[in-house]
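Peer 1: Provided below for reference: sequence and predicted model.
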Amino acid sequence: MSPLLEVEALQVKRGDRTVVDVARLSIEPGEVLAVIGPNGAGKSSLLHALALLQPATFGAYRWMGQAVSLQREAQSLRREMAVVFQEALLLNGTVLENAGLGLKLRGQVALAWRPAAHAMLERLGIGHLANRSARQLSGGEAQRVSIARALATHPRLLYLDEPFGALDVLARSALLKDLKQLLVSEGTAALFVTHDFTEIPPMADRVAVIDRGQILQIGTPQEVFSQPATPLVRELVQVAHDLVRTLQGMR
Amino acid sequence: MKCFRSSVILMVLIALLAGCGAKTQAPAETQPKTEVQTQAPAKPTNPEIILATTTSTQDSGLLDLLIPRFEQQTGYKVKTVAVGTGAALAMGEKGEADVLLVHAPASEKPLVEKGFTINRRLVMHNDFVVVGPAADPAGIRGAKTATDALTKISSAKATFVSRGDDSGTHKKELELWKGASISPAGDWYVEAGAGMGQTLTVASEKGGYTLTDRATYLAQQKNISLEILVEGDGPLLNIYHVMEVNKAKFDKVNAEGAKAFADFLLSKEGQESIKNYGVDKYGQALFFPDGGKVESDLTGGK
Amino acid sequence: MQWIGQGIVKALEMLLSGEGELWRVAWLTLRVSGTATLLSVILGVPVGVLLALTRFRLRWLTVSVVHAGMGLPPVVVGLVVSILLWRSGPLGDLRLIYTPTAMIIAQTMIATPIVTGLTMSGVQQLHPKLHLQILALGASRWQLFWLLVREARMAIIASVIAGFGRVVAEVGASMMVGANIVGETRVLTTAMVLEVNKGNFDMAIALSLILMLLIWLVISALTRLQQGRRPL
């Protein structure tokens, strides 16, 4: 089976600087790929470029095995994907109206999008908030709405740009669990950017370590943590090991 | 949220309809007028005439009487552009108007000489008067000549308010100062840069003197506390001519319309209307018709 | 002082008697300024949104020009439009000088920078990633535009109120390109100036009261639209 998304020779430039320079990257259907690295490594830029939200140059861009003409097909391709940002970015209106936005944009009538949006809100445990104003939610609730909105359109690939960054610890762990469950049951692939390695084991099938726009290592969490390929990766991984040992020591 | 979009669309539709109304209204309005007349002549090919005249002429209200009569009889539509004398003459020099009705003979003559206008004809006159506060600090009441009055005002350094706007009245005022060999300057000489009505108000508020045409003074009398102190002197005549803009020089001029309007002013009916204007309201006529005469008849060869 | 009282009495008389001339002048005022404001919205809102979202080489210059335009004196616009529309001007053949259309053109030129500038500010105040989120949900450019307009509706409607207020109140441009011709291009502001010049102060005050009433009616409607039915 061909990868869901496959890109080659991806470059993102900001002014004179090259912020992303990736020779090859692919995501398999249904797989969750985490992207981790220090601040300023280019993780977000990579996500924006792949999600067709930021101008970039591609040697090749293949979706489900087919080459894509980004000039003409960007918008229709975006409709097969969805993005969740660090802030929920909800619009004026009720929770239900927000959750249904993706469906409305695709031309669905109220009779269709209302129940579909409501169902997705239920699966994220916030069906009871459907008629509340979007302005009156806690951080965790708002982010659940954003995820519901993204998944309501049943995208094949979901991009998440540090989605739990603004949440407190408890909200974060609850949402992480629910999100993973949802991704597995929907069969949705995901590209998941984070700078917090504790989020990787519950979420990721593979992890890519990126620094200064380049991918240093890519593999299963097991591979990366036990066999770091470069000094920086080793450093990152070391921090994880130290934390585990400290926690074990405290027990 | 849908109602927001619908209300926006609704407003757009309303305004579009309103905007369309703007064009269609103009021709629709002229029709009822010509239909009222049972024997209106055939509508002229180019019914629009641009008349450039002065603000004081418009403020007198005379045109509000003459123009509707003219329009009814002929089917023309007169667009009256009332600006300062300088601007009215400039419009003639550029062909932006079809016919001019102004009252600054000295400045009109160059236009005729250069061929910008044709058929300059004397229409009517009224007169200027020097007005001032009842207390008359400069003691000009009953002076025989305007220059005499101005000389007294200047020596007393009494407040004098000038139009200061290059209008016919302003030009007349400057002529009179020149005749008295005085160059007015100083705190007592106030240049208003405004129309006649406003200048009178300023003079009234400041308790000063000013030169005004009788018509505007009569119209404003109820609002101001100034009296007529000097009148009747020859140079105080305010003489109105009508001139048609020369089509040979400016292709877009409505020559037939201009001539029709000028002819109307000089017609028996036009002259009668001018003679009677203001009598019921002010007890005296505001203008004196002079059709058929020339300027020297009035000024005694000056 | 007695004029203000007389003015109020006269205003009521004129309104109740349904005097033809007054209604014609008031309607023309609404039509000219309303159409100009509408046109400025059609031109200004899309341009404002575009300026808020895009980066291009001379953007700062374009934005400065828009902002300078917000302070453009109406008489200057009147002069420029006159020069264009005069018989001797490049558009003289259109014979638009001294017509309501000329006034609409001038007033549109006055209002558009205001609507553009304030719309741009309004959209710039939205979260910088909002438009990306909307695109990411699969919106077309058109859908993106409408959603952002809806999100920034407070600022945008404020810009419409400001634009309308500016043009319905101006005299200079209307006077120059319209010439205050009775029955054709006379609006409330130019009629007021005429009455002041003639010394009919009670009439002038009456007209100003009617003008204020008209402005208040339109702006309350716009305010209602802006504030909506729900409290924050």
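Peer 2: Now that the structure is in, tell me what you want to look at.

Peer 1: Need the residue closest to the centroid of chain C.
Peer 2: Nearest to the geometric centre of chain C sits residue C:164, at 3.1 Å (C-alpha atoms, centre = their mean).

Peer 1: thinking that one is in contact with residue C:111, fair?
Peer 2: Yes. Applying C-beta atoms under 8 Å as the test, residue C:164 and residue C:111 come out as touching, 7.2 Å apart. C-beta: built from backbone N, CA, C; applies to glycine.

Peer 1: Show me what the strand or helix carrying residue B:198 is packed against.
Peer 2: Taking DSSP states H and E as the definition, one finds residue B:198 inside helix B:196-206. Secondary-structure packing of helix B:196-206 (3 or more C-beta pairs under 8 Å, 6 or more residues apart in numbering or on different chains; DSSP states H and E): helix B:55-60, strand B:117-132, strand B:160-162, strand B:209-213, helix B:214-220, helix C:188-198.

Peer 1: Would you mind finding the most buried of the ones you listed?
Peer 2: Highest mean neighbour count of the helices and strands packed on helix B:196-206: strand B:209-213, a mean of 27 (counted as mean count of other C-beta atoms under 10 Å in any protein chain shown).

Peer 1: How about residues contacting that one?
Peer 2: The set of residues external to strand B:209-213 that reach it, using C-beta atoms under 8 Å, 6 or more residues apart in numbering or on different chains, is B:56, B:60, B:126-133, B:138, B:140, B:146, B:153, B:158-163, B:169, B:172-173, B:176, B:196, B:199-200, B:203, B:226, B:229, B:238.

Peer 1: thinking again about what came up before, if you count neighbours, what's buried in the helix holding residue B:198?
Peer 2: Within helix B:196-206, the residues that count as buried by 16 or more other C-beta atoms under 10 Å in any protein chain shown are B:196, B:197, B:198, B:199, B:200, B:201, B:202, B:203, B:204, B:206.

Peer 1: Let me see the mean pLDDT of it.
Peer 2: Averaged over helix B:196-206, pLDDT sits at 87.

Peer 1: How about stretch A:222-230?
Peer 2: 87.

Peer 1: Could you find the closest non-adjacent residue to residue B:253?
Peer 2: Once flanking residues are discounted, residue B:253 sits nearest to residue B:247: 4.5 Å by C-beta to C-beta, 6 or more residues apart in numbering or on different chains.

Peer 1: where are the low-confidence patches of chain C?
Peer 2: Scanning chain C for pLDDT under 70 picks out C:1-3, C:18, C:229-232.

Peer 1: same thing but 80
Peer 2: C:1-7, C:10-11, C:14-21, C:197-201, C:228-232 (pLDDT under 80).

Peer 1: what does it put close to chain B?
Peer 2: C:30-32, C:34-35, C:37-38, C:42, C:86-88, C:92, C:95, C:97-101, C:104, C:146, C:150, C:153, C:179-184, C:194, C:196-199, C:201, C:225, C:228 (C-beta under 8 Å from any C-beta of the partner chain).

Peer 1: the inter-axis angle of the longest helix along chain C versus helix C:188-198?
Peer 2: Among the segments of chain C that qualify as a helix by DSSP state H, the longest is helix C:20-53. Here the directions of helix C:20-53 and helix C:188-198 differ by 130 degrees (axes from the mean of the first three to the mean of the last three C-alpha atoms, to 10 degrees).

Peer 1: Show me what helix C:20-53 is packed up against.
Peer 2: Partner elements for helix C:20-53 (3+ C-beta pairs under 8 Å, 6+ apart): helix B:2-36, helix C:59-70, helix C:100-124, helix C:141-151, helix C:153-168, helix C:188-198, helix C:201-227.

Peer 1: Can you list the buried residues in that helix?
Peer 2: So, applying 16+ other C-beta under 10 Å, buried residues of helix C:20-53: C:22, C:24-26, C:28-41, C:43-45, C:47-53.

Peer 1: tell me how far that helix is from the chain's mean position?
Peer 2: Offset of helix C:20-53 from its chain centre (C-alpha atoms, centre = their mean, to the nearest Å): 5 Å.

Peer 1: give me every residue that touches residue B:225.
Peer 2: Per C-beta under 8 Å, 6+ apart, neighbours of residue B:225: B:133, B:134, B:204.

Peer 1: switch the cut-off to 10 Å
Peer 2: Counting by C-beta atoms under 10 Å, 6 or more residues apart in numbering or on different chains, residue B:225 touches B:133, B:134, B:203, B:204, B:205, B:207.
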